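Participant: have a look at this prediction, sequence included:
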Amino acid sequence: MNAALLEVRGLKVGFPTPDGLVRASDTVDLELYHREILGLIGETGSGKTVLGMAILRLLQPNTVIEGEIRYRGRDLLSLPEDEMRKVRGREIGVVLQNSGTSLNPVYTVGDQIAEAATLHQGLKGSEARHRAVELLDAVRIPDPAVMAREYPHRFSGGMRERALIAMALACSPSLLIADEPTKGLDAVTKREIIDLFAEVNRDRSVLFITHDIEAAATLATRVAVMYAGEIVEIGAAGEVLSDPAHPYTRGLLASLPERGMRPIPGSAPSLITPPPGCRFSPRCATKDCKSEHPGLVEVGPGHYARCMLYDRG
Amino acid sequence: MNGVYIIKRLFTSVAAFCISVTIMFILLRLMPGDYITMYLETIYRYAPPDVVEAFNHVYGLDRPILEQYVLYLLDAFRGNWGYSLIYKVPVLTVIGEKLVWTMVILVPATALATLAGIGIGAYSGWKRGSKTDIALLNGMIFIRAIPSYWLALMILIIFAYYLNLFPLGGYVDTGALITGIDPLDVANHAVLPILTLFLFSVTGTYYLMRSSMLMTAGEDYIVTARAKGLDELTILRKHALKNAMLPMVTMITLECAGMITGSIFVETIFSWPGLGMLTYKALAVRDLPLLQGILLVDTLLVIAANIAADLIYPLVDPRVQVGDNG
Ligand SMILES: Nc1ncnc2c1ncn2[C@@H]1O[C@H](COP(=O)(O)OP(=O)(O)OP(=O)(O)O)[C@@H](O)[C@H]1O
Ligand SMILES: [Mg+2]
């Protein structure tokens, strides 16, 4: 397999709080290959957004970050800030989790999209405006020339999501990080956004963070499952979602409405003092592993799981 | 901008005006002492009842209070605000003359305080928790904590008396009697009153701007801007400042009107011949027509400021149409 576009190695992210360090990512290893969509799933609070934001170094300044994030071989964590700014928007685009509040209310959508093109590609006034209209058209906004001159409050939820995608794509980045882009959309719009990502993916890689397992199944080449700041299972989408190896992934799938809606009992553990041994063990029905912390073990070709069922040494 | 809005706005403004005229009328009449008694007592140590009665009759002060009120309200709308008892000229003439002098110190002080308050507050809020922010915040709390009167006196004593940098008071040198008023001389006299008014006003703007910026800095669209690769200064100037300014628009316009009140003590301490000083004088001798006139001007300024805020707001916030918040 060729070299990965993005390689995350031993990433630890901690937020200092009065109660202690919140370990939102704990020794995460991940690679993202050229032109693949990696679906990142997991319960709320498992650290998906934090992982995405850490890649672009968009977390608050007092965050404690360790490990390596290699993009095209360069470690982003050790780049000086002004070099990092050239990566943001140009090399790696991001669609933030809350599309409703992620657009600046006092500038037109067109201006906000043109901004990145002006910054990274040196496009001037009318060229940049033209580019914004092109991008809005590419994400299927009707009447793009008119809508480019509108303010965000005139956009519906689905249109805002599209506008944000257009903004993230303004400089044709090689990697797009999308955080729950289908959240809160009706079924038809959701379908359209998923199709849009399939198209977007043609010339770039996507880290697709979602709760929507169906969307992940449709889009993703591979899927990574996060639990309490750790990757607990990763592998080809078809395998992970149809034949999951980790009890947590199985539970996650069983909790889907179309598969019987049996939620996993209990709730996610504290990230300040995670349970000893396997972090999922307090909720796990399969095995009780309070003493040993399992590593990621290959359970099939390119398919890894973090579970004592497989970790024998 | 639509007709319904204009009518609504006009109606609320007139109602606000009537209410303040009424409250003012009542409050002023609750003050102990009246002009003629106090005047006679200061001069003759005794006020002959027949003289007082004759005076009150001439000025209509012996008529029933309700009749006085209705007459006053009608006249206030007609623009007939009566004659000043001390100056013996129409109230509006006196006020107009003094208002100009108040503006000489008020306009620069308010403009500087607004600019500085917004600039420093924005920076402080953006760099929240940094050493600069904490130093600025503590400095502002310190200025705010000093009683305004004492601050004005200290400025006067230090800069005018000990350091002798500026005149002790007044608005021109005595030489002006011969040479006429020299703008530079006036500016020299205006420095300390402006400085005092500035300090009096800048802290409020600073606090408000700082907290508004704190909120804005945490917004998602700021992260979006960062994710585009913009540098911090551009994000602050372009994406944060305009949003953080929104709540300031209303505040600044009202502050401008409120500063008139602040000018009372500054003008009395620095003997600046403006509206504040006039208020003080009129109050001291119970020149009711003049006091009423001054308060009416204040009321009109506040109403005008409110309308201005309503008209300006939609220009800066695309989500609001004129009349939405009226
Ligand atoms: N600034 C912060 N300070 C302290 N804790 C934080 C901070 N940001 C995130 N966290 C914590 O980190 C954990 C992971 O958060 P994250 O937002 O990545 O979850 P998520 O998987 O994206 O969840 P969701 O699906 O709800 O978006 C959560 O427990 C959250 O409370
Ligand atoms: Mg999230």
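Facilitator: Done, it's in. Ligands and ions are numbered 1, 2, ... in the order given.
Participant: please name the nearest non-neighbouring residue to residue B:214.
Facilitator: residue B:125 (4.7 Å; C-beta to C-beta, 6 or more residues apart in numbering or on different chains). For the C-beta atoms, the positions are set from N, CA and C on the backbone; glycine is no exception.
Participant: after the helix or strand containing residue B:119, next one along is what?
Facilitator: Here residue B:119 sits within helix B:91-126, counting by DSSP states H and E. On the C-terminal side of helix B:91-126, the nearest following helix or strand under DSSP H and E is helix B:131-145.
Participant: same for that next one, what does it pack against?
Facilitator: For helix B:131-145, the contact count by 3 or more C-beta pairs under 8 Å, 6 or more residues apart in numbering or on different chains; DSSP states H and E identifies helix B:91-126, helix B:183-217 as packing neighbours.
Participant: returning to what we had before: check which residues of the helix holding residue B:119 are buried.
Facilitator: Of the residues in helix B:91-126, B:91-92, B:94-95, B:98-99, B:101-102, B:104-106, B:108-110, B:112-114, B:116-118, B:120-126 count as buried by neighbour count, 16 or more other C-beta atoms under 10 Å in any protein chain shown.
Participant: re earlier: nearest to ligand 1, of the helices and strands packed on helix B:131-145?
Facilitator: Across the helices and strands packed on helix B:131-145, the minimum distance to ligand 1, taken as C-beta to the nearest ligand atom, is reached by helix B:183-217, at 13.6 Å.
Participant: that closest one vs helix B:131-145, what angle?
Facilitator: Computed by axes from the mean of the first three to the mean of the last three C-alpha atoms, to 10 degrees, the angle separating helix B:183-217 from helix B:131-145 equals 120 degrees.
Participant: and residue A:173, what does it touch?
Facilitator: Residue A:173 is in contact with A:89-93, A:204, counting by C-beta atoms under 8 Å, 6 or more residues apart in numbering or on different chains.
Participant: of those residues - the most surrounded one?
Facilitator: residue A:93 (29 neighbours; other C-beta atoms under 10 Å in any protein chain shown).
Participant: so the nearest residue to that one once chain neighbours are set aside is in which element?
Facilitator: Of all residues not flanking residue A:93 in the chain, residue A:168 sits nearest, at 3.3 Å (C-beta to C-beta, 6+ apart). Taking DSSP H and E as the criterion, residue A:168 maps to helix A:157-169.
Participant: ok, so of the contacts of residue A:173, who is nearest residue B:289?
Facilitator: Proximity of the contacts of residue A:173 to residue B:289 (C-beta to C-beta) peaks at residue A:89, which lies at 66.5 Å.
Participant: and residue A:75, bridged to which residues?
Facilitator: In this entry, residue A:75 is beta-bridged to residue A:70, by DSSP bridges.
Participant: which residues touch the residue of the stretch 101-250 of chain A found nearest ligand 1?
Facilitator: Per C-beta to the nearest ligand atom, residue A:211 is where the stretch 101-250 of chain A lies closest to ligand 1, at 6.0 Å. By C-beta under 8 Å, 6+ apart, residue A:211 lies in contact with A:41, A:44, A:180, A:183.
Participant: again, only using 6 Å
Facilitator: Not one residue lies near residue A:211 by C-beta atoms under 6 Å, 6 or more residues apart in numbering or on different chains.
Participant: which of the three states applies to it?
Facilitator: Taking DSSP: H, G, I helix; E, B strand; the rest coil as the rule, one finds residue A:211 in the coil state.
Participant: once you drop chain neighbours, what's closest to residue B:20?
Facilitator: residue B:299 is the one closest to residue B:20 (C-beta to C-beta, 6+ apart), at 4.4 Å.
Participant: count the residues that sit near residue 182.
Facilitator: Going with chain A. 23.
Participant: actually, chain B is the one I wanted.
Facilitator: For residue B:182, the neighbour count with other C-beta under 10 Å is 13.
Participant: against ligand 1, how distant is it?
Facilitator: Applying C-beta to the nearest ligand atom, to the nearest Å, the value for residue B:182 to ligand 1 is 61 Å.
Participant: list the buried residues for stretch A:244-256?
Facilitator: By neighbour count with 16+ other C-beta under 10 Å, stretch A:244-256 contains the buried residues A:244-253.
Participant: from the residues you listed, pick the one nearest ligand 2.
Facilitator: The closest of the buried residues of stretch A:244-256 to ligand 2 turns out to be residue A:252 (C-beta to the ion; 15.5 Å).
Participant: so that closest one sits in a strand?
Facilitator: No. Under three-state DSSP, residue A:252 falls outside any strand and is assigned helix.
Participant: make TSV from the helices and strands packed on helix B:131-145 and add mean pLDDT to it.
Facilitator: Output for the helices and strands packed on helix B:131-145, formatted as TSV (pLDDT from 0 to 100):
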stretch	mean pLDDT
helix B:91-126	92
helix B:183-217	89
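Participant: need the pLDDT of residue A:210.
Facilitator: At residue A:210, the pLDDT value in this model is 95.
Participant: likewise residue B:295?
Facilitator: Per-residue pLDDT puts residue B:295 at 87.
Participant: that one touches residue B:24, doesn't it?
Facilitator: Yes. If you go by C-beta atoms under 6 Å, residue B:295 and residue B:24 touch, sitting 4.9 Å apart.
Participant: related to what we said a few turns ago, which one of the buried residues of stretch A:244-256 is nearest chain B?
Facilitator: Of all those, chain B sits closest to residue A:252, with 27.1 Å by C-beta to the nearest C-beta.
Participant: tell me the one among the contacts of residue A:173 nearest to residue A:58.
Facilitator: Among the contacts of residue A:173, residue A:92 lies closest to residue A:58 (C-beta to C-beta), at 10.4 Å.
Participant: for the residue lying closest to the closest one once chain neighbours are set aside, what are phi and psi?
Facilitator: Sequence neighbours aside, residue A:175 is the residue nearest to residue A:92 in space, at 4.6 Å (criterion: C-beta to C-beta, 6+ apart). Main-chain torsions, residue A:175, degrees, to the nearest 10: phi -130, psi 130.
Participant: from chain B, how far out is residue A:175?
Facilitator: Here the criterion is C-beta to the nearest C-beta, to the nearest Å. By it, residue A:175 lies 12 Å from chain B.
Participant: now do that residue: how many residues are near it, please.
Facilitator: The number of residues packed around residue A:175, counting by other C-beta under 10 Å, is 21.
Participant: over to residue B:57?
Facilitator: Neighbours of residue B:57 under the rule other C-beta under 10 Å: 11.
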